[in-house]
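**Student:** What follows is a predicted protein model with its sequence.
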Amino acid sequence: MPEGDTVFRAAERLRTALAGKTLTRSDFRVPRYATVDLVGDVVTEVGSYGKHLFIRTDRVSIHTHLKMEGVWRVFHRGQRWTKPPVTARLVLATDEFEAVGFELGKVQVLPRTEEHTVIDHLGPDLLGPNWDAAEAQRRLSEYPRRPIGLALLDQRNLAGIGNIYRSEICFLRRVHPATPVGDIPDLPALVDEAHRVLGKAAHQPPWRPLAYGRTRRPCQRCGTAIVSRLLGEDDPADRITQRERGIYFCPRCQPEPTN
């Protein structure tokens, strides 16, 4: 699933193509919004919050979420699309550019006054201008027995981390992902690490993982083989796939908690 850095960079690309420009075409290929017509509207802003992206006009906010397979791409008018047209769920065009959302997991058109309802439940945005480390730490600490590997993935604690960066953050802090939040030796430092990692990934791509996806390859600190394990809630209603829950770590640098 694309993470906060991917959405942040998508918003930057869309901002360059759309912000301050008049829409000459809007094509919502979602039944609920098939009749929405924004031709003539000016895009005033493009922004992101965690994994959520917003394209705003004076009248509405277009909210999209990439989920697992979604992607935004920008083309010059007349340029051939690089993905099958049948997978496009939203097209927004100006005189110069076409912004196309392919396989978007969610598309909503909201009054500007209701945009907040989408993100009110989320924790602080790791890539936002109002990042609040103390609030993120407070939210994480509310459930001290929850494994940190699950707590980092919970967008209600801090917004923007997915499976890649929870593995990386735990690795960098030498913390086993099953360690309860309350047993983390320096939780503020871990929260700061999360902010640093996401910031670097967003502003200085590409990020080269140190642990994620490196099963059986040597740890770059000690040489021990990296392992991957499932880490999920003990809840039969949990529908996250095993692939999504797999977390990568070094069994030597990140020793398993004993209690």
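**Tutor:** Good, I have the coordinates. The structure presented is a predicted model; accordingly, all values stated were derived computationally and were not measured.
**Student:** Quick one: residues in contact with stretch 104-111.
**Tutor:** 28, 30, 33, 36, 59-70, 89-90, 101, 117-118 (Cβ atoms under 8 Å, 6 or more residues apart in numbering). Where C-beta positions appear, they are placed from N, C-alpha and C, glycine not excepted.
**Student:** care to break this protein down by domain?
**Tutor:** Annotated domains of the chain cover 4-119, 133-249 [automatic domain parsing].
**Student:** per-stretch mean pLDDT over these, give me the minimum one.
**Tutor:** Lowest mean pLDDT of the domains of the chain: domain 133-249, a mean of 90.
**Student:** ok, which stretches of the stretch 151-259 of the chain are helices?
**Tutor:** With DSSP state H, counting those that start in this stretch, the ranges of helices along the stretch 151-259 of the chain come out as 163-172, 187-203, 242-245.
**Student:** Of these, flag the one that's most buried.
**Tutor:** Highest mean neighbour count among these (mean count of other Cβ atoms under 10 Å): helix 163-172, with a mean of 24.
**Student:** For that one, what is the distance to the chain centroid?
**Tutor:** Distance of helix 163-172 from its chain centroid, counting by Cα atoms, centre = their mean, to the nearest Å, is 14 Å.
**Student:** now swap in stretch 44-60 and tell me
**Tutor:** Centroid separation for stretch 44-60 versus its chain: 15 Å, with Cα atoms, centre = their mean.
**Student:** again with stretch 22-39
**Tutor:** Relative to its parent chain, stretch 22-39 has a centroid offset of 25 Å by Cα atoms, centre = their mean.
**Student:** Ok, stretch 206-222 next?
**Tutor:** Worked out by Cα atoms, centre = their mean, stretch 206-222 lies 21 Å from the chain centre.
**Student:** what sits up against it?
**Tutor:** For stretch 206-222, the surrounding residues in contact (Cβ under 8 Å, 6+ apart) are 5, 163-165, 167-168, 170-172, 197, 200-201, 224-228, 248-250, 252-253.
**Student:** in it, what counts as buried?
**Tutor:** Trp207, Leu210, Ala211, Tyr212, Arg214, Cys219 (16 or more other Cβ atoms under 10 Å).
**Student:** Kindly report the same for stretch 94-105.
**Tutor:** Neighbour-count burial for stretch 94-105 [16+ other Cβ under 10 Å]: Thr94, Phe97, Glu98, Ala99, Val100, Gly101, Phe102, Leu104, Gly105.
**Student:** Kindly indicate which of those lies nearest His176.
**Tutor:** Proximity to His176 was ranked across the buried residues of stretch 94-105 by Cβ to Cβ; first place goes to Gly105, at 31.0 Å.
**Student:** For that closest one, which non-adjacent residue is spatially closest?
**Tutor:** In this structure, Gly105 finds its nearest non-sequential neighbour in Lys67, 2.2 Å apart by Cβ to Cβ, 6 or more residues apart in numbering.
**Student:** Spit out the contact partners of the one you found.
**Tutor:** Neighbour list for Lys67: Met1, Leu104, Gly105, Lys106 [criterion: Cβ under 8 Å, 6+ apart].
**Student:** Just the element for it, please.
**Tutor:** Under the assignment given by DSSP states H and E, Lys67 is not contained in any helix or strand.
**Student:** what separates it from Gly223, distance-wise?
**Tutor:** In this view, Lys67 and Gly223 are 37 Å apart by Cβ to Cβ, to the nearest Å.
**Student:** and if you look at Leu210?
**Tutor:** 13 Å.
**Student:** Mind listing residues that contact stretch 172-180?
**Tutor:** Contacts for stretch 172-180 (Cβ under 8 Å, 6+ apart): 144-149, 166-167, 170, 184, 186, 189-190, 193, 197, 210, 229, 231, 247, 249, 253-257.
**Student:** Return the alpha-carbon coordinates of it using CSV.
**Tutor:** Output in CSV follows, covering the C-alpha atoms of stretch 172-180 (Å, rounded to 0.1, in the frame of the first residue of the first chain):
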residue,chain,number,x,y,z
LEU,A,172,16.7,2.0,13.1
ARG,A,173,15.7,2.2,16.8
ARG,A,174,16.8,-1.5,17.4
VAL,A,175,13.3,-2.3,18.7
HIS,A,176,11.6,-5.6,18.1
PRO,A,177,8.2,-4.9,16.5
ALA,A,178,6.4,-7.0,19.1
THR,A,179,7.7,-4.8,21.9
PRO,A,180,4.8,-3.3,23.9
